[in-house]
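Trainee: Give me coordinates for this.
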Amino acid sequence: MSTKASGMKWGIGIVVVALLLLAGYLVLKHRRQAMAPATATASSAPAPASTLPPPEQHPIAQAQVNPAQASTAPLPALDHSDTMVRDALSRLAGRNVNGLLVKKALIPRMVATINALTGKSLPENILPVHDPRGMFRVSKLNGHAVIAPATLDRYSPYVVPFEQADTQSMVAWYVHNYPLFEQAWKQLGYPQKSFNDRLVAVIDHLLATPDLQHAPDLVAVSGVYQFSDPGLENRSIGQKLLLRLGPAQEAKVKSRLRAIRDAITGQQQPAEPTSSSNVPGAD
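Mentor: Predicted coordinates:
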């Protein structure tokens, strides 16, 4: 990416990572049936196994929600959910985050962005947030180019609200609004899969990002900054976005991701292997 565009792209990513979990990591009309229900008859045979949806690994019913935080408020239609999302995110963050968000289709954008984090690119037209302010800059560390501290500071407005928001409140909001996320997921083209399963898989993928001891080295190639280590440069866009936060902010985001994962699955994540945690190219 160019020096100008890299700051925009890199910052956008953490916004997404933060908001995807700030909102519970992530909303529309009440769930609609994809087709009219078939009339059951005594002679109806079960559907072939190949047409049955795969069993859910992480049913939303397993999420751990404090009963005192559960809501019974009616859900808005997906097409009219943006105001609700804005208000909820500001309430969860304890500050007004409207300036960070795009105007329309927040839930569908969140769902599409989360799904894209395990790939190699993140299309700007699906992002639910605006670019961070300021210019992308590099500095020298031991003779190598790294992301400048001032550039890392540009991401704080996105990381800090995510870090400070109460995990149980985020998860309670996500569980209550889950039918909207599921509807957006189905509209994205995954009628036989669960969005919560996909969310957990994406969180696990992000948590597998290497824990580096210092900011990774960069190299300019035809005006584009890349990680000098091929093992890092070849990782997914989601993992690269976490690496670009710097070790301190990456650790904060990961800590909150682990807490959210535990809450939405009703179980604690197994301990990570330590043998590859600091190896850039390890998968």
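Trainee: got any ranges where this protein has weak pLDDT?
Mentor: Filtered on pLDDT under 70, the chain yields the residue ranges 1-53, 268-283.
Trainee: could you redo the last one with a cut-off of 50?
Mentor: Flagging of the chain using pLDDT under 50 yields the residue ranges 1-50, 273-283.
Trainee: Show me where it has its helices.
Mentor: 3-22, 82-93, 106-116, 149-153, 156-164, 167-176, 178-188, 195-207, 230-233, 237-243, 247-265 (DSSP state H).
Trainee: Confirm for me that residue 92 is in contact with residue 166.
Mentor: Yes - under the criterion of Cβ atoms under 8 Å, residue 92 makes contact with residue 166 at 7.2 Å. Heads up, the C-betas are built off the backbone N, CA and C, glycines and all.
Trainee: If you count surrounding residues, which of these two has more?
Mentor: With neighbours defined as other Cβ atoms under 10 Å, residue 92 and residue 166 compare such that residue 92 has more, 22 against 13.
Trainee: Could you find the closest non-adjacent residue to the more buried one?
Mentor: residue 165 (4.6 Å; Cβ to Cβ, 6 or more residues apart in numbering).
Trainee: can you give me phi and psi for the one you found?
Mentor: phi -60, psi 150 (degrees, to the nearest 10).
Trainee: go on, residue 148?
Mentor: Phi and psi for residue 148, reported as degrees, to the nearest 10, are phi -70, psi 150.
Trainee: and the gap between it and residue 132?
Mentor: Counting by Cβ to Cβ, to the nearest Å, the gap from residue 148 to residue 132 is 13 Å.
Trainee: Same check on residue 241?
Mentor: The gap separating residue 241 from residue 132 is 12 Å, by Cβ to Cβ.
Trainee: Report the buried residues of stretch 177-193.
Mentor: Buried residues in stretch 177-193, counted by 16 or more other Cβ atoms under 10 Å: 177-188, 193.
Trainee: can you check stretch 150-163 too?
Mentor: 151, 152, 154, 155, 157, 158, 159, 160, 161, 162, 163.
Trainee: Could you export those residues to TSV, including columns for distance to residue 210?
Mentor: What follows is the buried residues of stretch 150-163, written out as TSV (distance: Cβ to Cβ, whole Å):
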residue	distance to residue 210
151	20
152	17
154	22
155	18
157	25
158	21
159	19
160	23
161	25
162	21
163	20
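Trainee: Between those, which sits nearest residue 123?
Mentor: residue 158 (18.7 Å; Cβ to Cβ).
Trainee: that older thread, closest to residue 217 out of the helices of the chain?
Mentor: Of all these, helix 230-233 comes closest under Cβ to Cβ, at 9.1 Å.
Trainee: Can you name every helix or strand that the closest one contacts?
Mentor: helix 237-243 (3 or more Cβ pairs under 8 Å, 6 or more residues apart in numbering; DSSP states H and E).
Trainee: Run through the neighbouring helices and strands of the helix it packs on.
Mentor: helix 3-22, helix 195-207, helix 230-233, helix 247-265.
Trainee: List the contacts of it.
Mentor: 10, 13-14, 16-17, 116-122, 202, 205-206, 208-210, 212, 216, 227, 232-233, 235, 250, 253-254 (Cβ atoms under 8 Å, 6 or more residues apart in numbering).
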